[in-house]
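1. Sequence first, then the predicted structure, then my questions.
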Amino acid sequence: MGKPLCTVLFLLLFVNCCFSWKKDEFRNCNQTPFCKRARSRKPGACSLIATDVSVSDGDLVAKLISKENNQENSENQGKPIKPLVIRISAYQDGVMRVKIDEDQSLGPRKKRFEVPDVIVPEFLEKKLWLQRLKEEKNEDGSGILSFVYLSDGFEGVIRHDPFEVFVRESGKKGKKVLSLNSNGLFDFEQLRDKKEENEDWEERFRSHTDTRPYGPQSISFDVSFYDADFVYGIPEHATSLALKPTKGPGVEDSEPYRLFNLDVFEYIHDSPFGLYGTVPFMISHGKSRGSSGFFWLNAAEMQIDVLGPGWNDEFSSVLMLPSDQKRVDTLWMSEAGVVDAFFFVGPGPKDVVKQYTSVTGAPALPQLFAIAYHQCRWNYRDEEDVFSVDAKFDEHDIPYDVLWLDIEHTDGKRYFTWDKMLFPNPQEMQMKLAAKGRHMVTIVDPHIKRDDSYFIHKEASQKGYYVKDATGKDFDGWCWPGSSSYLDMVNPEIRSWWADKFSYDNYVGSTPSLYIWNDMNEPSVFNGPEVSMPRDALHYGNVEHRELHNAYGYYFHMATADGLVKRGDGKDRPFVLSRAFFPGSQRYGAVWTGDNSAEWDHLRVSVPMILTLGLTGISFSGADVGGFFGNPDTELLVRWYQLGAYYPFFRAHAHHDTKRREPWLFGERNTEVIKEAIHVRYMLLPYFYTLFREANASGVPVARPLWMEFPADEKTFNNDEAFMVGNSLLVQGIYTQRAKHVSVYLPGDQSWYDMKTGTAYKGGATHKLEVSDDSIPAFQRAGTIIPRKDRFRRSSTQMENDPYTLVIALNSSKAAEGELYVDDGKSFQFQKGAYIHRRFTFSNGKLTSSNLAPATAALSKFTSDCTVERIILLGLSPEPKTASVEPGNEKVDIELGPLVLREGKGQSVLTIRKPNVRISDDWTIKVL
């Protein structure tokens, strides 16, 4: 049988067998030896004590030695235990770093992998050089404590015997905030030589064998969050925002939350199973203290248990845990690596996210077009199809900014190429769309077709740039092109080489309006164990794939983004969408929640998935509108557009086996409703862009859990049906078919204004609202000002010079405030000060615009002649008739007008029309 036919048959078999959730394709904890061992350990099993505690090179350092040669449930049982080295560092803003590794002076068998290029250099410059160490004897009989200054109000502490590390409030009786090994579950399997002939290090799963040449090397430990009601984070899982207990009384047969990047087809909702990306960062929140966070920088497979109340009751007498503090215990387990952990003291939820992104980097500021609407399908067939879809958007007056091409646009799945029959004039095609201010995206995946006539493969093979198999040969796996190899992106030289491939000379047919989509970068290997790369494959520096698996897609994403920056001589911001992710991915582009399904449950779970990504630094995320697999009924599709319009990343996408579902294919009424949902997004683009800049500056996400804005309101702590967009908008999805009513909890003690009607609703209450098919409930918070653009164009680019509308929602004090950020929407000049940043404040009947940009002279300048066309006043009475504009003392009318243009219904609201003040200027408008 010929090789091409074999390829086709294999891929058909794979498509038919594997494009759906198959539980037995993937390992569970009991089939994963390191997880099974760690989970079986009993509290107090750790026998390590801290000795030789001192300050060295500005860090607290110590050795961890075994008090007694007892390594229960470890594969190292009975083997000599060498000392471990622990190093504790303090950084500005309340961050403590703890590193634990084998003692390099004792000559371990190999150096364990530490994940490079994740921690940003600016963080390392914030190190506090510890000068002295204090000791005290704990009053509860738990032995000697050594402690160091961490930040105002907090100390880093190591207990000597038994070993424990924690952060506490300052003072001998200071309450604990976060701790490691309070339950005595720490275990560190040291690298060693195989001594016995009959010792079997190999692991087998289905038809695959992992040789494990370095033997067992797992690490596990418990982490406790004090005064916490819930914990959140550790994406990616299709489950609730507040993480449910996976072990303990009342929890039956649950799996830990798995963190292992995998290509999972039609994943199931409400599951702890790991999906496409990984961020081992957990944030806790509680009413009494606030928030804290814990991050483990490790790229090997990880499993995490959230331990339910009472899980360790029978061991409480020996653990000496504080009885006056509520806490959530967790168990962290990893196959390899080192302990490189970060403790974040908070105390507010935004503080924790800022502290985490100070380590891994703030989210990149995307180009303006990228936060508008994207239209995608596997696949738009050819240039005629592209032009037809583009024309239909114009015909139906529906704006969009980006049209996407999936794998079928290439010449035989060879990336950086075009199918010459289907796309004979790619540059002309892109330029035609660019003339309307639109962009295109093509897919570039990490599997490289093994074809000697393919320039990428030929060069990569000659240079030795591929990942190797366990025998040292180029790894050969199966993916869309058939036989494929995978670039070793952990190597900076290879990343630089890859980045060069995006130049206009190398990527023939590309133009400045073309951007990139990285899919399948977990990496996906159709014939590999768990549809991925074997763990004993070898990378740069003789690092096993098991040690860096979860970071592979991150390095690919990084190199691609760098390539787009390079091709434009560093002038334009890149746009790259990635399916796999890791801490730091937020610096390189957007992610999405992968291959979801056209089901109501998947619409529902998209909200906690996106909120979790935002909490863990990845603000620019979304879910495929309509569901990738399957055919959504019309009502589901409409509801998905209405919700998706508030996702940070707004894209419709569908599998090639589904029916076409462009917005105009579902009847005139549904076309209008979908169009209005998309128009909402375009209307709010100034607000969204301002929020993306806030995320870029502070790490605080665009889409936020309610409790991030209302941290003392317990009713918000496990609410993941509604969410905040910034601090001003609350959105409630409709997640059931034929819904007539929906209950919406509006937090806080101020009113909320319906975005469509302006009707005021009381805060701190649950409202049962009638549901219509034309929108989902969305409310503006009293006390806020939202900037909009109300004129609708074909694309965001064509809105550049349009005037603004300010919507002022007054609180009980008749006051409100908001911000507007504007720059050129595409370049890096904003980093040199080329932007406009305004604060709008309304109080005592006056609206004032003031400058928020730094007073220092900008290296570059951005100007805009855009004006404010309408100012809407919600909650102002009695109704005034005129206002004066300063400077100039010009009088303008206040009249009743529509809250939302084009709606043609809803109550009229007070509107200051055509004050004609420039957004870049200082001015005051006084209501008379």
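-> Happy to help now that I have it. Numbering: from 1, shown residues only.
2. and residue 425, what is it in contact with?
-> residue 383 (CB atoms under 8 Å, 6 or more residues apart in numbering). (Each C-beta comes from the backbone N, C-alpha and C, glycine too.)
3. ok, residue 621 touching residue 644?
-> No. Under the criterion of CB atoms under 8 Å, residue 621 is not in contact with residue 644, lying 11.8 Å apart.
4. the more surrounded of these two?
-> residue 621 (30 against 24; other CB atoms under 10 Å).
5. Okay, and the beta partners of the more buried one?
-> When bridges are called by DSSP bridges, residue 621 pairs up with residue 591.
6. again with residue 442
-> residue 405, residue 516.
7. pretty sure it is touching residue 405, no?
-> Yes. Using CB under 8 Å, residue 442 is in contact with residue 405, at 4.9 Å.
8. Can you get me a residue count around residue 27?
-> 18.
9. Can you say which helix or strand has it in it?
-> Using DSSP states H and E, residue 27 maps to neither a helix nor a strand.
10. List the contacts of it.
-> 205, 530.
11. Can you tell me how far it is from residue 332?
-> 18 Å (CB to CB, to the nearest Å).
12. Tell me where the model's unsure across this structure.
-> Regions of the chain meeting the criterion pLDDT under 70 cover residues 1-21, 69-80, 139-142, 196-198, 317-318, 856-859, 903-906.
13. mind giving me the domain split of it?
-> 50-71+79-360, 387-592 (the TED database).
14. Including distance to residue 612, could those domains go into CSV?
-> Formatted as CSV, the domains of the chain follow (distance: least, CB to CB, whole Å):
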stretch, distance to residue 612
domain 50-71+79-360, 5
domain 387-592, 12
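15. ok, residue 442 and residue 405, which is more surrounded?
-> Legend: neighbour count by other CB under 10 Å for residue 442 and residue 405, higher for residue 405 (27 against 23).
16. Go ahead and confirm that one touches residue 444.
-> No. Between residue 405 and residue 444 there is no contact, the gap being 10.7 Å when judged by CB under 8 Å.
17. Might one say that residue 150 is in contact with residue 98?
-> No. Residue 150 is not in contact with residue 98 according to CB under 8 Å; the separation is 11.7 Å.
18. What about the nearest residue to residue 544 once chain neighbours are set aside, how many residues nearby?
-> The spatial neighbour of residue 544 that comes closest, neighbours along the chain excluded (CB to CB, 6 or more residues apart in numbering), is residue 536 at 5.9 Å. Residues lying near residue 536 (other CB under 10 Å) number 19.
19. More neighbours: which of residue 150 and residue 98?
-> residue 150 (25 against 21).
20. Can you classify the more buried one as helix, strand or coil?
-> strand (DSSP: H, G, I helix; E, B strand; the rest coil).
21. Residue numbering should commence at 627 henceforth.
-> Understood, numbering begins at 627; the last thing we discussed is residue 776.
22. The helix or strand harbouring residue 676 packs against which elements?
-> Assigned by DSSP H and E, residue 676 falls within strand 674-682. Identification of packing neighbours for strand 674-682 by 3 or more CB pairs under 8 Å, 6 or more residues apart in numbering; DSSP states H and E yields strand 685-692, strand 770-777, strand 780-785.
23. Now render those strands as JSON lines, adding distance to residue 1240.
-> Rendered in JSON lines, the data for these read as follows (distance: least, CB to CB, whole Å):
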{"stretch": "strand 685-692", "distance to residue 1240": "32"}
{"stretch": "strand 770-777", "distance to residue 1240": "25"}
{"stretch": "strand 780-785", "distance to residue 1240": "26"}
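24. Check which helices and strands the longest strand along the chain sits against.
-> When the chain is parsed with DSSP state E, its longest strand is strand 1534-1544. Under the contact definition 3+ CB pairs under 8 Å, 6+ apart, strand 1534-1544 sits against strand 1493-1500, strand 1508-1512, strand 1516-1524, strand 1549-1553.
25. Can you identify each of the helices in the stretch 627-776 of the chain by residue range?
-> Secondary structure of the stretch 627-776 of the chain by DSSP state H, counting those that start in this stretch: the helices cover 629-644, 659-666, 747-750.
26. Around the closest residue to residue 669 other than its chain neighbours, how many other residues sit close by?
-> Leaving aside its chain neighbours, residue 669 sits nearest to residue 941 (4.0 Å; criterion: CB to CB, 6+ apart). If you count neighbours by other CB under 10 Å, residue 941 ends up with 15.
27. can I assume residue 941 sits in a helix?
-> Yes. According to three-state DSSP, residue 941 belongs to a helix.
28. ok now do it, which residues does it touch?
-> 668-670, 809.
29. One more: residue 1148?
-> Per CB under 8 Å, 6+ apart, neighbours of residue 1148: 887-889, 902, 1158, 1178-1179, 1205-1206.
30. Who wins on neighbours among those residues?
-> residue 1206 (32 neighbours).
31. Pretty sure that residue sits against residue 1178.
-> Yes. The criterion here is CB under 8 Å, and residue 1206 meets it with residue 1178 at 7.0 Å.
32. Any chance you could list residues touching both of those two?
-> The contact lists of residue 1206 and residue 1178 share 887, 1147-1149, where a contact means CB under 8 Å, 6+ apart.
33. from those residues, which is closest to residue 1344?
-> residue 887 (27.1 Å; CB to CB).
34. what's the spacing between the closest one and residue 1175?
-> Where residue 1175 is concerned, residue 887 sits at a distance of 7 Å (CB to CB).
35. list residues touching both of the two?
-> residue 1158.
36. which residue ranges form the strands in the stretch 727-876 of the chain?
-> Listed in chain order, the strands of the stretch 727-876 of the chain (DSSP state E, counting those that start in this stretch) span 753-754, 760-763, 770-777, 780-785, 790-795, 802-806, 813-814, 829-831, 834-836, 845-852, 856-859.
37. Neighbouring strands of the third one in the sheet, and parallel or not?
-> Strands adjacent to strand 770-777 in the sheet, as given by DSSP bridges, are strand 760-763 (antiparallel), strand 780-785 (antiparallel).
38. With the fifth one instead?
-> Taking DSSP bridges as the criterion, strand 790-795 pairs within the sheet with strand 780-785 (antiparallel), strand 802-806 (antiparallel).
39. what do you get for the last one?
-> For strand 856-859, sheet partners with direction are given as strand 907-912 (antiparallel), following DSSP bridges.
40. Relative to the whole chain's centre, how far out is the partner strand?
-> 15 Å (CA atoms, centre = their mean, to the nearest Å).
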